[in-house]
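In: no FASTA, just this:
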């Protein structure tokens, strides 16, 4: 079970503030025990002018304009049934396992695909060469299981770099930085530059720190693992445990030393999660943050940094820029009563992907959708997001049914233990390897 909702790049509960509406679970259940919500068993018949789509909060926001357009084009009413993150996971796993889906289409978090793969319908005919070329490589890879495409990406995200333009563009700060470090102050592109700039702007007496360090989530450290050139994060493509390789160690050293050695992050790093880091930056207490690109457009108008934030690609290591994508996919149950109509809607979601950018969440999956907005005012984060998602070292998380357990029971505790001065990083990763091998064996 996905016990802690960190997938898709952020903790769904609390951070996005997108809870399911009252009675949503009952509504989906009342739609009927058969696929299509018409009271028919999977493979049966139903109303050809209606579809039921199971999704969570972000999914409903993103898919509503697509559903409206689909009704306009086809006359089909699409009911988007919103469930909490864990509730959606539980509904999908229980109903797909029993071959009694009460939905025609479902929004699937990337890390659920290995768990649900055998119960989702193939979508191979939708993945033409043109479609694959307009999707980020990591998303094409993650959409497949057992040699078949079983999910169409509908939106994705990645961490990029946010920085305080009012600090970076201040003539006095620029002069002082260049005098101290010998190169111009600009958004960092390397680990060393990031460390230098974070050190320069750390001024505890002014309640200002260079950056944050997030001990309560794993994704940021894993992005640095890829930047270090690892062939994967935690597991390689064959499922072998590589969490203690040289690249994982280099990334953990860089990440934890920001807190332990350089002391450029506010106190409480071990418990800092996405929400805490976002609040620190918005309140002007950090000069930089590595954060999910969608948050650029969600900075409150009354935030201390409002109108003063710049965006740049995620920083890079020896392998260059890299991020961990946070995608969601649309899938359909095998043998669904409305398989053809469900596939039509999934194709429509791809065709009209750019409609989702104008929603409050404002994410897409297609390169062309992001590119069409990248030069528009207010969408300055899209260029950096494109660069990060297109980077050669960017890769998806392992396609393992054990991934969430690995995250909760091993990765996050390991990072938190590392954020203690004097921690033995190599020993922690060695212990993590033993734990993970016990989970995946």
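Out: That came through fine. Values in this document were obtained by computation on a predicted structure and should not be read as measured data.
In: where does the stretch 151-300 of the chain dip in pLDDT?
Out: Counting by pLDDT under 70, the stretch 151-300 of the chain contains no low-confidence range.
In: Would you map the strands across it?
Out: Assigned by DSSP state E, counting those that start in this stretch, the stretch 151-300 of the chain shows strands spanning 152-155, 159-164, 288-292.
In: any residues touching the longest one, and which ones?
Out: Read that as strand 159-164. 9, 187-188, 219-220, 223, 281, 284, 287-293, 295-296, 305, 308-315, 323-324, 381, 384-385, 388 (C-beta atoms under 8 Å, 6 or more residues apart in numbering). The C-beta positions use only the backbone N, C-alpha and C, and glycine is treated the same way.
In: still on that earlier bit, okay, the strands of the stretch 151-300 of the chain in JSON lines with distance to residue 55 and mean neighbour count next?
Out: JSON lines is the format used below for those (distance: least, C-beta to C-beta, whole Å; neighbours: other C-beta atoms under 10 Å):
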{"stretch": "strand 152-155", "distance to residue 55": "9", "mean neighbour count": "26"}
{"stretch": "strand 159-164", "distance to residue 55": "23", "mean neighbour count": "26"}
{"stretch": "strand 288-292", "distance to residue 55": "19", "mean neighbour count": "24"}
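In: mind listing the helices in the stretch 151-300 of the chain by residue range?
Out: In the stretch 151-300 of the chain, the helices defined using DSSP state H, counting those that start in this stretch lie at 165-168, 171-181, 191-200, 219-227, 246-260, 274-282.
In: how about CSV for those helices, with mean neighbour count added?
Out: Shown next, in CSV, are the helices of the stretch 151-300 of the chain (neighbours: other C-beta atoms under 10 Å):
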stretch, mean neighbour count
helix 165-168, 18
helix 171-181, 13
helix 191-200, 20
helix 219-227, 27
helix 246-260, 21
helix 274-282, 20
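In: looking at those, which is closest to residue 371?
Out: helix 219-227 (22.6 Å; C-beta to C-beta).
In: From the contact counts, what lies against that closest one?
Out: strand 159-164, helix 246-260, strand 316-317 (3 or more C-beta pairs under 8 Å, 6 or more residues apart in numbering; DSSP states H and E).
In: mind running it again at 6 Å?
Out: helix 246-260 (3 or more C-beta pairs under 6 Å, 6 or more residues apart in numbering; DSSP states H and E).
In: can you give me how far the helix it packs on is from the chain middle?
Out: From the chain centre to the centre of helix 246-260 is a distance of 22 Å (C-alpha atoms, centre = their mean, to the nearest Å).
In: likewise stretch 328-345?
Out: 23 Å.
In: Ok, stretch 262-273 next?
Out: 22 Å.
In: Dead centre of the chain: give me the residue that sits there.
Out: Most central in the chain under C-alpha atoms, centre = their mean is residue 326, positioned 2.2 Å from the mean C-alpha point.
In: Look up which helix or strand that one falls in, please.
Out: Here residue 326, judged by DSSP states H and E, is contained in no helix and no strand.
In: in terms of contact, does residue 266 touch residue 210 like I think?
Out: No - judged on C-beta atoms under 6 Å, residue 266 makes no contact with residue 210 at a distance of 10.0 Å.
In: Can you check which residues contact both of these two?
Out: The contact sets of residue 266 and residue 210 do not overlap (C-beta atoms under 6 Å, 6 or more residues apart in numbering).
In: after the helix ranked longest in the chain, next one along is what?
Out: Counting by DSSP state H, the longest helix found in the chain is helix 57-74. Sequence-wise, the next helix or strand downstream of helix 57-74 (DSSP H and E) is strand 77-82.
In: Sheet partners, orientation included, of that next one?
Out: Using DSSP bridges, the strands paired with strand 77-82 are strand 50-55 (parallel).
In: picking up where we left off before, roughly how far is the longest helix of the chain from the heart of the chain?
Out: Distance, centroid of helix 57-74 to centroid of chain: 21 Å (C-alpha atoms, centre = their mean).
In: try stretch 213-221
Out: 13 Å.
In: First residue to last residue on that stretch, what's the distance there?
Out: 9 Å (C-alpha to C-alpha, to the nearest Å).
In: before we move on, what about stretch 305-318?
Out: With C-alpha to C-alpha applied, stretch 305-318 spans 31 Å between its terminal residues.
In: what residues does it touch?
Out: 159-163, 165-166, 187-189, 191, 194, 227-229, 282, 284, 296, 299, 321, 323, 380-381, 384, 387-388.
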